[in-house]
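[1] sequence and predicted structure below; questions after.
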Amino acid sequence: MRPVTVYPRGEGAIASARGLVKVYGSGETAVRALDGVDVDFAAGELTAIMGPSGSGKSTLMHCMAGLDTVTDGTVVVGGEDIARMNQRGLTKLRRDKLGFVFQAFNLIPTLTAAENITLPLDIARRPVDRDWFDTVVEAVGLGDRLSHRPSELSGGQQQRVACARALVSRPAVVFADEPTGNLDSRSSGEVLSFLRHSVDVLGQAVVMVTHDPTAASFAHRVLFLADGRLVGEVVNPTTESVLDALREIGAGRRDASAPVAAADELVGGRR
Ligand SMILES: Nc1ncnc2c1ncn2[C@@H]1O[C@H](COP(=O)(O)OP(=O)(O)OP(=O)(O)O)[C@@H](O)[C@H]1O
């Protein structure tokens with residue numbers, strides 16, 4: 001594990017945070033969920049965020065995506081400072097510049113795959129760029145399933161529809177929160193391969209929270225959070241190097257004589 005790469009003044013990043021602090025509550029019960037995070041996410045990069053339960057992964061993603069307010073610091077996404085935006089501005093930013101993939105696929109059961117994919121654009125009354133739609137559908141490998149409803153698709157196929165829905169508006173960044181949390185290993189592989197493909201071939205920026213070292217190994221870079229701080233990164237990760245980094249975090253926080261048990265608990269504790 002090495003120190004987290006931060007670009008000078010965030011140049012070249014599609015989304016950045018500096019000095020990001022998030023405190024929930026106040027007084028004695030206040031929780032400092034993020035404690036001064038500097039981070040940059042680049043286009044053409046799939047970044048995984050890992051760390052123990054309660055380390056601040058979801059909070060970081062929510063603050064970067066304008067889903068939660070920040071206590072201090074700056075967050076810039078697609079050139080806009082979202083820490084200063086009002087609710088209307090945040091709604092527009094999420095609609096126009098961000099894509100989301102959640103653990104639950106959140107597809108509309110009565111709509112076909114194609115209709116689910118274009119739903120955000122249809123709601124926003126924005127035209128569908130047919131060339132881009134075809135590119136995304138081809139990349140996701142669902143060309144022959146477009147007229148199917150979610151109940152006629154496997155879990156992996158449903159999540160690939162959700163990924164295509166996140167990409168169809170050409171967002172600056174896709175945020176994926178445990179995108180493979182509900183999938184078996186084969187379906188996880190399908191979804192992760194697609195997310196990686198969307199980054200390598202379509203130039204997308206994807207940020208993914210995961211507890212799974214194998215899922216993280218699909219990323220270009222894995223960031224590790226502990227107690228609200230970014231404590232290191234692994235570039236071009238493998239399952240093994242991610243496990244080693246988790247052991248390092250576990251070893252620093254617990255009995256150093258039992259780092260492997262600590263890592264196993266971090267990795268397996270959620271299953
Ligand atoms: N709405 C909230 N109100 C109060 N405290 C919160 C709230 N949301 C999160 N927290 C606290 O902030 C800290 C970070 O939580 P967060 O959900 O970001 O962690 P996480 O790393 O995503 O955890 P997990 O892996 O369990 O999902 C935790 O101590 C949590 O209890």
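    It's in. Residues are numbered from 1 along each chain as shown.

[2] up against the ligand, what does the protein have?
    24, 25, 31, 33, 51, 53, 54, 55, 56, 57, 58, 59 (C-beta under 6 Å from any ligand atom). For every residue, glycine as well, the C-beta is placed using N, CA and C.

[3] report the buried members of those residues.
    Neighbour counting by 16 or more other C-beta atoms under 10 Å classes 33, 51, 55, 56, 57, 58, 59 among these as buried.

[4] quick check: the fourth one vs residue 146, distance?
    As judged by C-beta to C-beta, to the nearest Å, residue 56 and residue 146 stand 38 Å apart.

[5] tell me the SS of the residue nearest the centre of the chain?
    Taking C-alpha atoms, centre = their mean, the centroid of the chain lies closest to residue 208, which sits 2.5 Å from it. Going by DSSP: H, G, I helix; E, B strand; the rest coil, the secondary structure assigned to residue 208 is strand.

[6] so what's the residue count around the closest residue to it other than its chain neighbours?
    Here the nearest residue to residue 208 in space, its sequence neighbours aside, is residue 176; by C-beta to C-beta, 6 or more residues apart in numbering that works out to 4.2 Å. Look at residue 176: counted by other C-beta atoms under 10 Å, it has 27 neighbours.

[7] which SS state does residue 176 fall under?
    In the three-state summary, residue 176 is assigned as strand, counting by three-state DSSP.

[8] settle this for me: it is touching residue 195, isn't it.
    Yes. Here residue 176 reaches residue 195: they are 6.7 Å apart, a contact under C-beta atoms under 8 Å.

[9] and residue 73, how many neighbours?
    Taking other C-beta under 10 Å as the criterion, the count of residues near residue 73 is 17.

[10] assumed it was part of a strand.
    Yes. Per three-state DSSP, residue 73 lies within a strand segment.

[11] many thanks, we can stop here.
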